Structures are given as structure tokens and as C-alpha cells.
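[1] coordinates only, sequence not included:
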């Protein structure tokens with residue numbers, strides 16, 4: 001039976017890697033960008049309380065809206081009627097965006113150099129990687145055996161999975177980097193295709209009907225889909241729909257990755273596990289961090305299933321695990 005693991009940045013954090021947004025914000029690489037006048041980096045620095053990469057992606061959208069609105073208001077004050085041109089603004093933003101992405105890659109490469117051997121790592125993420133699910137991960141022993149999962153789909157840029165095992169027969173053969181990897185120098189970083197529609201946002205921002213603007217979107221270089229590596233990995237939606245056991249660890253299912261999850265969740269909310277009888281349910285595990293993490297994942301499931309969480313839980317055998325309290329989420333936990 002097929003068993004897959006889908007991971008996001010929370011997985012690396014659980015292993016002890018310094019890969020959060022706040023880690024990067026305080027890094028020498030990003031601070032150097034700020035010192036060199038990178039306005040995009042300075043904007044992200046102001047949002048340093050955020051923790052996850054998905055928040056950086058949201059901030060890219062907010063920064064674009066903010067800078068455009070400022071320019072719109074400035075042009076309106078200068079002229080009663082103007083056709084906005086942004087070539088210089090586009091060039092500057094693209095330069096700053098590429099510099100930011102390169103700084104991120106450099107920081108993560110430097111951070112990854114501290115990782116040598118994970119065979120003694122006793123984190124919850126390590127135990128799941130080696131052994132699959134247990135109701136109490138804190139008492140689960142580390143068993144160095146053939147990897148539990150058939151495939152790993154990672155939204156992270158790092159790759160050190162084989163360092164968890166001893167011997168060539170214990171190494172992973174199916175590791176898919178959805179957003180590229182550091183070792184291939186092709187990381188995918190940005191926003192979703194429909195995150196910022198200039199035409200729609202202009203209509204919201206225009207308080208003066210005589211302002212004119214070309215509706216052509218010149219900021220597509222910010223899109224994840226504009227990267228060469230986007231779409232090169234196997235389709236995670238297809239893997240989800242055709243697997244009997246699925247684990248989501250440190251993966252926010254954020255709306256910046258709707259392209260990877262929307263189809264899958266609609267499908268697994270309406271059909272039973274593939275190639276099984278109607279009495280066998282697909283097993284799905286979500287590893288969250290505390291009450292906030294649970295509520296966030298639940299809300300994303302609600303959005304991805306078009307508010308059909310009832311159908312989702314009836315068709316599938318769904319388990320939530322709180323990494324903070326290190327226990328399976330039950331009714332007593334929900335009642336607190």
C-alpha cells in the first residue's frame with residue numbers, strides 16, 4: 001500500500017534547523033540587502049514577527065499592492081489625469097526580488113552546512129520519517145530500518161533525508177522537491193498566479209474615475225509558476241488521490257499553494273481510498289503545533305474541500321496530532 005509524506009518548513013524546524021522566516025530576517029544575508037538599500041528586504045524586516053515561509057509569500061503580495069498604491073496616489077497628486085508607467089518600478093522590484101531569493105538560498109546553504117548526520121536525531125519529525133505514526137511520539141523508539149514511506153513530497157529546499165539511515169538499503173529513492181532545491185540551484189519562491197491582479201486591484205484603488213492604467217500585468221516574475229523548476233516534480237495532487245496513507249507534517253496547506261492541493265482535496269472528499277473496498281478508508285495524518293496550528297489547518301481543509309469537512313472526515317480516517325503537547329488530538333483536547 002502506498003504511503004507518502006508531505007512536508008513544509010515546520011518539518012525542518014522540528015528537526016532543529018534554523019529555517020524560519022525570523023531566522024532569515026535576522027541573518028547576515030538579509031541585513032546586507034537592507035544596508036544596500038533593498039526596499040523589499042526592508043519591508044520584510046518590518047514584518048519580523050511572522051514565522052513561516054508562507055507569510056513571506058503573502059508579504060510579497062502586500063508589498064506590491066502597497067508600493068503601487070503609493071505610486072498611484074503620488075501620480076494623482078501630481079497630475080489630474082495621468083497614464084501610469086512603471087518600467088523603472090518593475091525593474092527595481094525585479095532586481096530586489098532576485099537579490100532576496102539569492103540571499104535566501106545563500107542563508108539556507110550556510111545553515112545546512114551544520115547538518116552532518118541525522119541518525120541520532122530524536123525529534124518528532126525524525127520518528128515520523130523513520131517509523132510512521134504512533135499515538136505518543138515521545139515514547140516511540142528510533143528504529144533504523146527501511147524507510148517507512150514510499151515517497152516524500154517536500155516544499156522545502158533542503159535535502160538530507162538519507163542522513164537519517166545507515167546503509168544503502170535504508171536510503172530514500174523517491175524524494176520530490178515541489179519547489180526546487182538548493183543542490184540544484186533552482187528554488188521556487190514567490191506568489192500564486194492569482195495573488196495580485198493589477199486590473200482588479202486598480203478598480204479597488206481608483207477613487208478617481210479619470211485615472212488611466214494599462215491592465216497588463218508586468219509583475220509575473222513574482223509568480224511561482226514563472227520559475228523554470230515549477231511543475232517539474234511529480235504531481236502531488238495525483239499522489240494524494242492515489243495513496244492509501246498520507247502524512248502532512250509542518251505543511252500549512254496555505255493558499256499560496258492552492259495549485260498543489262485544491263484538486264486533491266476535492267477528490268479525496270468525494271471518493272474512498274483507491275483500489276480498496278468501501279469498508280477501507282484512506283488514512284490521513286496532520287501534525288500541527290498547538291491550538292493555533294490545529295485551527296489553521298482545519299480552516300484550510302474547510303477551504304480546500306469547499307466547506308465539506310464532514311464528507312472529508314466520513315470518507316477518510318483522519319487523525320490530528322499536536323506536536324506541542326506531544327499527543328493525539330482527542331475530544332478532551334478540543335474541549336480545553
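    Happy to help now that I have it. Please read these numbers as outputs of a predicted model, since none were measured by experiment. Numbers count the residues shown, from 1 in each chain.
[2] Make sure residue 285 is indeed in a strand.
    Yes: using DSSP: H, G, I helix; E, B strand; the rest coil, the secondary structure at residue 285 is a strand.
[3] burial measure for it, as a count.
    Residues contacting residue 285 under the criterion other Cβ atoms under 10 Å number 19. In short, each C-beta sits where N, CA and C put it, glycine included.
[4] ok now do it, which residues does it touch?
    Residues counted as contacts of residue 285 (Cβ atoms under 8 Å, 6 or more residues apart in numbering) are 133, 245, 246, 247, 248, 318, 319, 320, 321.
[5] Next: residue 111.
    Per Cβ under 8 Å, 6+ apart, neighbours of residue 111: 17, 18, 19, 23.
[6] in what helix or strand does it lie?
    In this assignment (DSSP states H and E), residue 111 forms part of helix 87-112.
[7] Which parts of this structure are strands?
    With strands called from DSSP state E, the chain shows them at 3-7, 151-154, 175-177, 245-249, 282-288, 316-322, 327-328.
[8] Settle this for me: residue 53 is touching residue 21, isn't it.
    Yes: applying Cβ atoms under 8 Å, one finds residue 53 in contact with residue 21, separated by 6.4 Å.
[9] now residue 286: how far from residue 320?
    5 Å (Cβ to Cβ, to the nearest Å).
[10] okay, and the common contacts of the two?
    Contacts common to residue 286 and residue 320, judged by Cβ under 8 Å, 6+ apart, are residue 297.
[11] So residue 251 sits against residue 155, correct?
    Yes: between residue 251 and residue 155 there is a contact under Cβ under 8 Å: 6.5 Å.
[12] Looking at these two now, which is surrounded by more residues?
    Set residue 251 next to residue 155 and count neighbours by other Cβ under 10 Å: residue 251 wins out with 26 against 22.
[13] so who does residue 288 touch?
    Residues in contact with residue 288, defined by Cβ under 8 Å, 6+ apart, are 294, 296, 297, 320, 321, 322, 323, 329.
[14] Most neighbours among the residues you listed, which one?
    Of those, with other Cβ under 10 Å as the count, residue 321 tops at 24 neighbours.
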